[in-house]
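**Q** Sequence and predicted structure, then a few things I'm wondering about:
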Amino acid sequence: MASTIYGMVAEFKSESQILNAAKKTKAEGYNRVEAYTPLPVHGLAEIIGLDIKDTLLPWIIFLAGVAGLVGGFGMEWWVSVIEYPLNVGGRPLLSWVQFIPVAYECTILAAAGAAVVGMFALNGLPRPHHPIFNAKRFERASNDRFFLCIEAADAKFDSKRTAAFLSTLDALSVSEVED
Amino acid sequence: MNSEPSLENSINKLQRMGGVIAVIGVILGAVMAMGNSDQFFHAYLYGYIFWVCLTLGCLGMTFLHHAIRGRFGIPVIRIFEAGGSSVNLILMAILFIPILMGSSHLYPWANADLVSSTEALKYRSGFMNTGGVGLRTGIYFAMWALGSHLIHKWSLDLDASGSPQIAAYRTSLGCAGLVFYFLTCSFAFTDWVMSLEANWYSTIYGAWFITGSVLLATAFTTLLMTRWHKHEPYRSVIDMKLDFTLWRDLGNLILTMVMFWAYTSLSQFLIIWSGNIREEITFYLERNQGAWLIVGTFLICGQFFFPFLCLLSGKTKKSPGWRLSSLAIWIIIMRMVDIAWIIIPSYSKAHNVFSIPVLLAYAGSFLGIGGIWLVTFTTRLKSAPVLPAYAVLVEESLGHA
């Protein structure tokens, strides 16, 4: 007897159907929309407004990359100029040309590490359970079905009207998802 | 016929512009280089190399697209095919003749005194001589023109017939073409540009130049697309399906080329700098002083850091707005500067390029050759539908499945 609703979910058979449905859903004024598909659907993320600029992640990655660059170069400078100066074929101690590959690798390492850690930190994974798993036949989202969910948190959400709207979209089924 | 903005009108406008530029350039070049054949050939080689880079960059992208059949290429493939068309290649082959005639003004290997006094040149003289370079250049252009002609022909045949066999032909030729393209271009840029240096050599030179050429071709095409995308037939196709990916794909391609250009440039410099051998460092010694040092530093910032940082942001690649089109123009200018930085300091008869009459002679050569190039390019672009029909069919079937 769950009293709360997570959202209303519609099940589709093809990429083009869910693209079309997502467009109409956005046009209808729904904003808290999420799609679950067995394969990446080109353009879907942009339609439902999952825009990269909304997340902090690119900035975290960029700043980590800059830190890696400065740190890597700084380490080389400290080692070769301060801690253990070594004359290699008469080259200057601060042979910055030679330092570029290592500084570059440190940039990539820091940026890639920040991407992984930042991604997990921001998206709340790993998460053993999610209300969407309550949707009927949801296991087929990893096989051959495309699911579009309008979340109850949406200001426009109304279980009857939302269900009626979704059933106009050529969906195989429309069902309520318990929280 | 009508004055409404249409793709045809835009292409015609570009063609007329090319004609005017060609006339201005030829007159300017002739006036400025009159009576000074060194100056004439120096300026001529610069203009020639820039436009041959654009031609070959377009040819490489044509092979690449037909090899991988990626979605990004659908709206732009005909621009690449026109830029690297057999007509343009034959034009560039004809325009190479003056370079052969003036080789003694340009290349140390064509200077008998230098050859007899320089051990490396004497050793190479059986390979590096006017006849050899002329013969090889003829073979390169014949191969390129044949490949370009066949792949364009099959591209059109595929439009007409939709035959899967022809689709397989163009893919096979695209793959084989890419291999030959890298080999022949490496030889060609060695003959045409690297041999300006008497002793210096670099094994990454071909890849370095090809990367720059493909970068130039992609920027050129991106610029045209940001201007033309609102016209039919581009508009409906881009709106229909490609809107989200076309600009991002073009932007990411430029980003990739910018990074690969930086990678090849740095590899070349790093290895030579570490080796620190007298013969190998001449190229960088000439460029490590005076104004060329400033130009080189500017290139590192302007052809790598600036476009790299701009293109990291999704905003630049989101729409064909001013960001992407200005960046494309910027890259084209950087290619002009880069090619100048590579070529001009190598001229053995040094002259001060930073003076108005010399700069005007270079501008004349650049515009003269470029104007003619634009005329043949637009003629070729008009001769075929700008969107390949087979690809549009595929897109439609995807969109309305």
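**A** Yep, it's here.

**Q** Can you report how many residues neighbour residue 27?
**A** This is for chain A. 9 (other Cβ atoms under 10 Å in any protein chain shown). (Each C-beta comes from the backbone N, C-alpha and C, glycine too.)

**Q** right idea, wrong chain: chain B
**A** B:Ile27, neighbours per other Cβ under 10 Å, totals 13.

**Q** And A:Ala35, by the same measure?
**A** When neighbours are counted by other Cβ under 10 Å, A:Ala35 comes out with 21.

**Q** got it, and A:Phe165?
**A** Quick note: A:Phe165 (other Cβ under 10 Å) scores 19 neighbours.

**Q** That one and A:Val33 touch, don't they?
**A** No. Checked against Cβ atoms under 8 Å, the pair A:Phe165 and A:Val33 is beyond contact range at 11.9 Å.

**Q** Overlap of the contact sets of these two?
**A** A:Thr25 (Cβ atoms under 8 Å, 6 or more residues apart in numbering or on different chains).

**Q** Output stretch B:304-323 as PDB - backbone C-alpha positions only.
**A** Taking Å, rounded to 0.1, in the frame of the first residue of the first chain, the C-alpha atoms of stretch B:304-323 are listed here in PDB:
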ATOM      1  CA  PHE B 304      47.000  25.300 -30.100                       C
ATOM      2  CA  PHE B 305      46.100  26.900 -26.800                       C
ATOM      3  CA  PHE B 306      43.400  29.300 -28.000                       C
ATOM      4  CA  PRO B 307      41.400  27.000 -30.200                       C
ATOM      5  CA  PHE B 308      42.000  24.100 -27.800                       C
ATOM      6  CA  LEU B 309      40.500  25.900 -24.900                       C
ATOM      7  CA  CYS B 310      37.600  27.400 -27.000                       C
ATOM      8  CA  LEU B 311      36.700  23.900 -28.300                       C
ATOM      9  CA  LEU B 312      36.800  22.200 -24.900                       C
ATOM     10  CA  SER B 313      33.600  24.200 -24.200                       C
ATOM     11  CA  GLY B 314      30.400  22.700 -25.600                       C
ATOM     12  CA  LYS B 315      29.100  26.200 -26.200                       C
ATOM     13  CA  THR B 316      31.400  26.700 -29.100                       C
ATOM     14  CA  LYS B 317      30.300  23.500 -30.800                       C
ATOM     15  CA  LYS B 318      26.600  23.900 -30.000                       C
ATOM     16  CA  SER B 319      25.400  26.000 -32.800                       C
ATOM     17  CA  PRO B 320      26.700  27.500 -36.100                       C
ATOM     18  CA  GLY B 321      26.900  30.900 -34.400                       C
ATOM     19  CA  TRP B 322      29.600  33.500 -34.300                       C
ATOM     20  CA  ARG B 323      31.800  31.400 -32.100                       C
END
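
**Q** how about it against chain A, any contact?
**A** Yes. Using Cβ under 8 Å from any Cβ of the partner chain, we find that stretch B:304-323 touches chain A at B:Leu312, B:Gly314, B:Lys315.

**Q** Check the secondary structure at the most far-flung residue of chain A relative to its centre for me.
**A** Distance from the centre of chain A peaks at A:Gly90, with 50.2 Å (Cα atoms, centre = their mean). For A:Gly90, the assignment made with DSSP: H, G, I helix; E, B strand; the rest coil gives coil.

**Q** What's the per-residue pLDDT of it here?
**A** For A:Gly90, the model assigns a pLDDT of 84.

**Q** Tell me both backbone torsions, phi and psi, for it.
**A** A:Gly90 has phi and psi values of phi 80, psi 10 when expressed as degrees, to the nearest 10.

**Q** Check A:Val9 too.
**A** phi -120, psi 140.

**Q** who touches it in this structure?
**A** A:Ile132, A:Ala135, A:Phe138, A:Phe147, A:Leu148, A:Cys149, A:Ile150, A:Val174, A:Ser175, A:Glu176, A:Val177.

**Q** How many residues are close by the third one?
**A** This points to A:Phe138. A:Phe138 has 19 nearby residues by other Cβ under 10 Å.

**Q** pretty sure it is touching A:Thr37, no?
**A** No. Assessed by Cβ under 8 Å, A:Phe138 is found out of contact with A:Thr37, at 12.0 Å.

**Q** Can you pull the residues that touch both of those two?
**A** A:Phe147.

**Q** if I pick the residue lying closest to B:Ser125 once chain neighbours are set aside, what's in contact with it?
**A** The shortest distance from B:Ser125 to any non-neighbouring residue, by Cβ to Cβ, 6 or more residues apart in numbering or on different chains, is to B:Val115 (5.5 Å). Residues near B:Val115 by Cβ under 8 Å, 6+ apart: B:Pro108, B:Trp109, B:Leu121, B:Lys122, B:Ser125.

**Q** Looking at neighbours, which among those is most surrounded?
**A** Going by other Cβ under 10 Å, B:Trp109 tops the contacts of B:Val115 with 26 neighbours.

**Q** and it, that one's in a helix?
**A** Yes. Under three-state DSSP, B:Trp109 falls within a helix.

**Q** so what's it scoring on pLDDT?
**A** Reported pLDDT for B:Trp109: 91.

**Q** Relative to B:Gly25, how far out is B:Leu270?
**A** For B:Leu270, the distance to B:Gly25 (Cβ to Cβ, to the nearest Å) stands at 38 Å.

**Q** So which of those two has more stuff around it?
**A** Applying other Cβ under 10 Å to B:Leu270 and B:Gly25 shows that B:Gly25 carries more neighbours, namely 21 against 14.

**Q** The residue nearest to B:Ser125 and B:Ser195, how far apart?
**A** 12 Å.

**Q** Name the residues of the stretch 51-200 of chain B found near chain A, please.
**A** So the stretch 51-200 of chain B never meets chain A (Cβ under 8 Å from any Cβ).

**Q** at 10 Å instead, please
**A** B:Arg71 (Cβ under 10 Å from any Cβ of the partner chain).

**Q** Quick check: nearest residue in space to the closest residue to chain A within the stretch 51-200 of chain B, chain neighbours excluded?
**A** With Cβ to the nearest Cβ as the measure, B:Arg71 is the residue of the stretch 51-200 of chain B nearest to chain A, at 8.5 Å. Distances taken as Cβ to Cβ, 6+ apart place B:Thr245 nearest to B:Arg71, at 6.5 Å, with adjacent residues excluded.

**Q** how much space is there between the one you found and B:Ile77?
**A** In terms of Cβ to Cβ, B:Thr245 sits 15 Å off from B:Ile77.

**Q** Neighbour count: these two, which is higher?
**A** B:Ile77 (24 against 17).

**Q** The more buried one and B:Ser325, how far apart?
**A** 20 Å.

**Q** what's the answer for A:Val41, then?
**A** 29 Å.

**Q** Can you name the residues of chain A sitting close to chain B?
**A** A:14-17, A:19-20, A:42-47, A:51-53, A:58, A:61-62, A:65, A:88-91, A:95, A:97-98, A:100-101, A:104.
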